[in-house]
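# Below are the sequence and a predicted model; questions follow.
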Amino acid sequence: MWTERQARKFGWAVAALLWCSAPGWAQAQLGDQLAFNLGGSVNAGYAGSYGNEGPASHGITVGGNANLSGYYHSSQFLSFDVSPFYNQSRNDSTYQSITDSSGVNASTTLFGGSKYPGYVNFSDLYNGEGNFSVPGIASYRTNGNAQTFGVGWSGHPENALSFTAGYQRGSNDYSIYGTSGDDHSEFQSVFASSAYSVAGFNFGGGYRYQDGSYTFPEVLTGQSVPESQASTSTYNLNMSRSLALHGSSWVNYSRNTTAYTALGATDSETADVVTGGVALKPLPKMATEFSADYDDNLAGTVLQAANAAGALLPWNVPKERSHAWGVSGQSQYTVVVGFSLSGGITHRQQSFLGTTYDSTAYSGGASYGHDVLGGRFTTSTIVTQSQLGNSGGSMLGILSNAIYLRQIGRWNVSGSVGYSRNVQTIIIAYTTSGYSFSTSATRRIRRLMWNGAASGSKSVVNQFQGTNSLSQNYSTGLAHRWVGVNVGYSRSSGLGLFSAQGIAPLPTGVPPNLLPSTALYGGKTYSAGVGSSPVRGFTFSGTFADTRSNTQGGSLSSNNHTQEANAYLQYKFRKVFFTAGYSRLLQGFSASALPPALVSTYYAGLSRWFNFF
């Protein structure tokens, strides 16, 4: 163990090195082929941490980061970039981690100047901070290690032919502050695609495979979930061709297989989907489109949508044959510049869960855009009347939005609203309704600049109670030439899915009764921030956020609290930076057997950037 005298000598030695060393500015070359630059930042200072996540500690710490970049033979042949870092946190650098993180990011490009470029990338993070997300509010904080690796190649040997292929994999081992146990996620993917043009025809095809294995925090899911596995593979072929009358035609085929293993259950669904259509412009002001589609396994398409949203637990669809098909025709006519009318007819038929559904929908719409009252106003509305053949009833649907932008004196204002009612989902029998809005304004007040913004949305599946998803965000700020402050408020609630990245919103158009292990969530976040640069070379920033949320997974409910505070300042004198920072995290879950986690870290020290060569 270092004595106090040894630590003091070491600190002074590092400070002297930072102060006195002279940087070099030349590019180094090794032989006739290899050229590279090396730069980096070295920091040394006094740091400490305390809380209930481990024993308190303090003492002299050394860290830094570097960047090695260059090429072999030429930058068009082989170029590389390697950036290692050691003991970096938000207290002493731009790395956003409350703990001292270490790792490396590296990438290289092969034959970048040729018709066959390739790449390799790699990253490794140790003791880093991550997020377990919740829609609409601040995420829960995690700590762990992550690694990614990727390689890819592409080519275009001639103008008519191109291809690309690659492989990517990654893993993440983490724990959520305030909970017990560790969780893990891992994925890998392979992809390839090609395109070719000949005699006016455009052909394309591709393949993508991805699989992953995941565990979930028991404190949120409400049950002990062993490792879940999910995979998806997709083949696709497409062809298109330009036609007379400024038109085009196309046909696409895809086969998607989705599989999972979770809670002792295994399932797999394969869906073949064919789509095609023709688009024509018979008149300068008129455009038309006709299309058709067929899906031989609607259940497989629904499972694919759930999987794409992150659902990895068993779903609630029995093994029954299903299919869907549809035809549609659309037309749009521009009456004058900025004003157009549209109309269409669509017929769809589906067989799902032993029931046959069919619908014929007639739609008409208008869109308008023009300068109004000194600002720019645009709007569009589509009204749809659907005849439901299986029930003999009818349904009116509306989809509308409007946007307005204007400068009024010293004010710059903008706003938008959207409204939807009875919009059909993947399954004809289910519809969604909702609204959205956003507005923002800025104004100069003498030497100050004020800004404010508000936005929100709400959506609901009409056939199910308790499926509302609501989000609202409000913020305002005031800035001077050397200082700025801001405050914000956000709230959200709804029904989501547990995924490897957190709680994910429900996939658009998928009825919630078909989805696995839905989770109720709700919460509010209050935040504030300040930033200042009162004199040249000196900057200061501080942020604070307090989030209170609740989740319910299965039979387990949890009231959760996350509070963060960060402060950072930096002063540059000569070629040296003095840096100081403080971070505090408090996070707890009522469903956890552990008390709320409290982690506080601080740092003060010197840093110096070097360009070695």
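Sure thing, it's come through. Numbering: from 1, shown residues only.

# How many residues are close by Ser328?
The tally of other residues near Ser328 (other C-beta atoms under 10 Å) stands at 17. All C-beta atoms are positioned from the backbone trio N, CA, C, and that covers glycine.

# Next: Ala305.
Using other C-beta under 10 Å, Ala305 has 20 neighbouring residues.

# backbone phi and psi for it, please?
Dihedral angles of Ala305 (phi, psi; degrees, to the nearest 10) stand at phi -60, psi -40.

# can you pull the buried residues of stretch 272-288?
Neighbour counts using 16 or more other C-beta atoms under 10 Å place Asp272, Val273, Thr275, Gly276, Gly277, Val278, Ala279, Leu280, Lys281, Ala287, Thr288 of stretch 272-288 among the buried residues.

# Next: stretch 594-611.
Neighbour-count burial for stretch 594-611, counted by 16+ other C-beta under 10 Å, picks out 596-608, 610.

# List the ones among the residues you listed that fall in helices.
Counting by DSSP state H, no part of the buried residues of stretch 594-611 is found in helices.

# need the contact list for the closest residue in space to Gln563 that isn't next to it in sequence.
Leaving aside its sequence neighbours, Gln563 sits nearest to Leu586 (C-beta to C-beta, 6 or more residues apart in numbering; 4.4 Å). Applying C-beta atoms under 8 Å, 6 or more residues apart in numbering to Leu586 gives the contacts His561, Thr562, Gln563, Glu564, Pro596, Ala597, Leu598.

# Just give me the closest of the buried residues of stretch 272-288 to Thr261.
Of all these, Thr261 sits closest to Asp272, with 23.3 Å by C-beta to C-beta.

# And the buried residues of stretch 272-288, which is closest to Asn131?
Distances from Asn131 to the buried residues of stretch 272-288, taken by C-beta to C-beta, are shortest for Val273, at 34.2 Å.

# related to what we said a few turns ago, let me see the confidence value for the residue nearest to Gln563.
pLDDT recorded at Leu586 is 93.

# cool, Leu30 as well?
For Leu30, pLDDT reads 68.

# repeat for Ser363
Predicted confidence (pLDDT) for Ser363: 89.

# Now do the one helix or strand it maps to: everything it contacts.
Assessed by DSSP states H and E, Ser363 sits inside strand 355-372. Outside of strand 355-372, the residues within contact range by C-beta under 8 Å, 6+ apart are 338-351, 376-390, 397, 404, 424, 427-429.

# Could you do stretch 268-275 as well?
Residues outside stretch 268-275 that contact it (C-beta under 8 Å, 6+ apart) are 251-260, 291-301, 303-304.

# just checking, which of those residues belong to strands?
Among the contacts of stretch 268-275, the members falling in strands (DSSP state E) are 251-260, 291-295.

# what's the helix or strand containing Asn236 packed up against?
Following DSSP H and E, one finds Asn236 within strand 228-243. The helices and strands touching strand 228-243, judged by 3 or more C-beta pairs under 8 Å, 6 or more residues apart in numbering; DSSP states H and E, are strand 201-214, strand 247-262, helix 298-308.

# could you say what helices and strands the first one packs with?
Using 3+ C-beta pairs under 8 Å, 6+ apart as the contact criterion, the secondary-structure elements in contact with strand 201-214 are strand 183-198, strand 228-243.

# and the first one, C-alpha only, in CSV?
Meaning strand 183-198. The C-alpha atoms that make up strand 183-198 are tabulated as CSV, following Å, rounded to 0.1, in the frame of the first residue of the first chain:
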residue,chain,number,x,y,z
ASP,A,183,-28.5,-10.1,-15.8
HIS,A,184,-27.1,-10.9,-19.2
SER,A,185,-27.9,-10.3,-22.9
GLU,A,186,-26.1,-11.5,-25.9
PHE,A,187,-26.9,-11.3,-29.6
GLN,A,188,-25.4,-12.1,-33.0
SER,A,189,-26.6,-11.3,-36.6
VAL,A,190,-25.6,-12.2,-40.1
PHE,A,191,-26.8,-10.3,-43.1
ALA,A,192,-26.2,-10.3,-46.9
SER,A,193,-27.9,-8.5,-49.8
SER,A,194,-27.4,-7.9,-53.5
ALA,A,195,-28.9,-5.7,-56.2
TYR,A,196,-28.7,-6.0,-60.0
SER,A,197,-30.1,-4.0,-62.9
VAL,A,198,-30.5,-5.3,-66.5
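
# For it, buried residues please.
Neighbour-count burial for strand 183-198 flags Asp183, Ser185, Glu186, Phe187, Gln188, Ser189, Phe191, Ala192, Ser193, Ala195, Ser197 (criterion: 16+ other C-beta under 10 Å).

# Of all pairs in the residues you listed, which one is the farthest apart?
Asp183 and Ser197 (47.2 Å).

# thinking again about what came up before, okay if I get the buried residues of stretch 272-288 as a markdown table plus secondary structure, pLDDT and distance to Val485?
As requested, those are arranged in a markdown table below (DSSP: H, G, I helix; E, B strand; the rest coil; pLDDT from 0 to 100; distance: C-beta to C-beta, whole Å):
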| residue | secondary structure | pLDDT | distance to Val485 |
| --- | --- | --- | --- |
| Asp272 | strand | 90 | 57 |
| Val273 | strand | 92 | 52 |
| Thr275 | strand | 95 | 52 |
| Gly276 | strand | 95 | 56 |
| Gly277 | strand | 94 | 53 |
| Val278 | strand | 94 | 57 |
| Ala279 | strand | 93 | 52 |
| Leu280 | strand | 92 | 56 |
| Lys281 | strand | 90 | 53 |
| Ala287 | strand | 92 | 50 |
| Thr288 | strand | 93 | 54 |
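
# out of these, who's nearest Val510?
Nearest member of the buried residues of stretch 272-288 to Val510, counting by C-beta to C-beta, is Val273, at 16.0 Å.

# Helices of the protein, start to end?
With DSSP H, the ranges of helices along the chain come out as 4-20, 218-221, 298-308.

# can you tell me which of those the model trusts least?
helix 4-20 (a mean of 49).

# Select the helix or strand of this structure having the lowest average pLDDT value.
Here the helix or strand of the chain ranked lowest by mean pLDDT, DSSP states H and E is helix 4-20, holding a mean of 49.

# returning to that earlier point: with pLDDT and distance to Ser74 added, can I get the buried residues of strand 183-198 in JSON lines?
Shown next, in JSON lines, are the buried residues of strand 183-198 (pLDDT from 0 to 100; distance: C-beta to C-beta, whole Å):
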{"residue": "Asp183", "pLDDT": "83", "distance to Ser74": "46"}
{"residue": "Ser185", "pLDDT": "86", "distance to Ser74": "40"}
{"residue": "Glu186", "pLDDT": "89", "distance to Ser74": "38"}
{"residue": "Phe187", "pLDDT": "89", "distance to Ser74": "35"}
{"residue": "Gln188", "pLDDT": "92", "distance to Ser74": "33"}
{"residue": "Ser189", "pLDDT": "94", "distance to Ser74": "32"}
{"residue": "Phe191", "pLDDT": "95", "distance to Ser74": "29"}
{"residue": "Ala192", "pLDDT": "96", "distance to Ser74": "28"}
{"residue": "Ser193", "pLDDT": "95", "distance to Ser74": "29"}
{"residue": "Ala195", "pLDDT": "93", "distance to Ser74": "29"}
{"residue": "Ser197", "pLDDT": "90", "distance to Ser74": "31"}
